[in-house]
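Chemist: Starting from these lines, generate the structure:
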Amino acid sequence: MDTASLCVVYGKLVWKIVLNINVINYSGNLYDCIYLAVICSWLTYKIPFMKRSENYVVDSNKMIYLPIISTPICVT
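Modeler: Numbers count the residues shown, from 1 in each chain. Model prediction:
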């Protein structure tokens, strides 16, 4: 993920992304399942579009996808 593009105003405004994973049952391939869940959530998550003006108003009508440069591959 391109973390520099999550910065709206350097040193002041930044998008914070928190990912919580709750494991209910473990019967094998835990890392593969967590990997797939993280990748799917990153690829489908949208953040509000931020207009760059003096007030930095959030335009809630327009949503953009997270800036993902490449997708890692999990091999177990």
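
Chemist: all helices in the protein, in order from the N-terminus.
Modeler: Counting by DSSP state H, the segments of the chain that form helices are 30-44.

Chemist: so where's it shaky on pLDDT?
Modeler: Low-confidence segments of the chain (pLDDT under 70): 52-57, 59-60.

Chemist: hmm, what's the outermost residue in it?
Modeler: Residue farthest from the centre of the chain, counting by C-alpha atoms, centre = their mean, is Ser27 at 27.6 Å.

Chemist: Over to that one: give its phi and psi.
Modeler: With angles defined as degrees, to the nearest 10, Ser27 sits at phi -130, psi 30.

Chemist: From Met1, how far out is the closest residue to Ile39 other than its chain neighbours?
Modeler: Counting by C-beta to C-beta, 6 or more residues apart in numbering, Ile39 lies nearest to Thr71, which is 6.2 Å off, once chain neighbours are set aside. In this view, the C-beta of every residue, glycine as well, is placed from N, C-alpha and C. Here the criterion is C-beta to C-beta, to the nearest Å. By it, Thr71 lies 10 Å from Met1.

Chemist: Report the contact partners of the most centrally placed residue in the chain.
Modeler: Against the mean C-alpha coordinate of the chain, by C-alpha atoms, centre = their mean, the closest residue is Trp42 at 4.7 Å. Going by C-beta atoms under 8 Å, 6 or more residues apart in numbering, Trp42 touches Met1, Leu66, Ile68.

Chemist: Alright, calling it a day.
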